[in-house]
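In: requesting a structural model of the entry that follows:
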Amino acid sequence: MASLEAWRASGDDRVNRVRFRMIEAFALRASQYEGEARRVMDARLSALVEAYEQDVANKKEADDVSAESPLAQLLQEMHQRAGTHAAPAELADYLRAVWSRVSAEKRLRESLAQVPKNAGPLNSSSLVHRSLSLMREASPEYLQHFLSYLDSLAWLEDTTARPAPTSTPSRNKRGG
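Out: Numbering: from 1, shown residues only. Take a look at the predicted model:
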C-alpha cells in the first residue's frame, strides 16, 4: 500500500508500532483473497488505515503542543547550552543512559556495604555482591538492564501487595 510506504519513509510508522504492524499484516493477508472476502477485508483495512491516519494527526498535534511544555523548554535550553547538535529527544535518551549507569554503580556500592566483614563464601549478601560485580565486568549494559528489571519487579510487588482479608468464614445457618 502506498500509504504504508509513505508512513515508513516519513518515520510515521513509529507513531503506533503495534497498529502499524497489524495494518501491514492485514494488508498482506487481504492481498491473498479475492471476491467478497477481499471486499470485506479491504473495507476493514480502509478503516484501520483511517484510524492510523488519525493517530498520525494526533501525534503531530501533540508534538506541536509539547514543544512548548516546560520539559521541552528545559531540554531545548540544555541542548543550547551544551552546544551540541543533538535533538532534545536524543539528549533525553543520553540523560536516561547516564542516570542508568550512575544508578547501577550506586546499587553496586550499596550491595558492597551490606556485605559483613567476616562473611563466609555462602553469605547471601556476599553472593549477591559477587554476582553483581561479575555481571558488571562481563557486561555493564546487562547489569543496567538487570537492575532496571529488578526495580520494575519491586515496584510491581509494592503496587500489588495487599493485606490478607481478616474476615471469618461464614457458617452454615442450619447448625453446621
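
In: what about residue 39, which helix or strand?
Out: Element membership for residue 39, per DSSP states H and E: helix 35-66.

In: no wait, residue 152
Out: Element membership of residue 152, judged by DSSP H and E, is helix 140-160.

In: one more: residue 100?
Out: In the assignment (DSSP H and E), residue 100 maps to helix 88-113.

In: average pLDDT across that helix?
Out: In this model, helix 88-113 has a mean pLDDT of 79.

In: now do the phi/psi pair for the nearest residue to residue 59 once chain neighbours are set aside.
Out: Closest residue to residue 59 apart from its sequence neighbours, by C-beta to C-beta, 6 or more residues apart in numbering: residue 15 at 4.7 Å. For the C-beta atoms, the positions are set from N, CA and C on the backbone; glycine is no exception. Taking degrees, to the nearest 10, you get phi -60, psi -50 for the backbone angles of residue 15.

In: any regions of this protein where pLDDT drops low?
Out: Within the chain, the stretches with pLDDT under 70 are 62-73, 76, 79-88, 162-176.

In: per-domain residue ranges of it.
Out: For the chain, automatic domain parsing gives the domain ranges 2-66, 87-159.

In: and those domains as a markdown table, adding distance to residue 74?
Out: Putting the domains of the chain into a markdown table (distance: least, C-beta to C-beta, whole Å) gives the following:
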| stretch | distance to residue 74 |
| --- | --- |
| domain 2-66 | 12 |
| domain 87-159 | 9 |
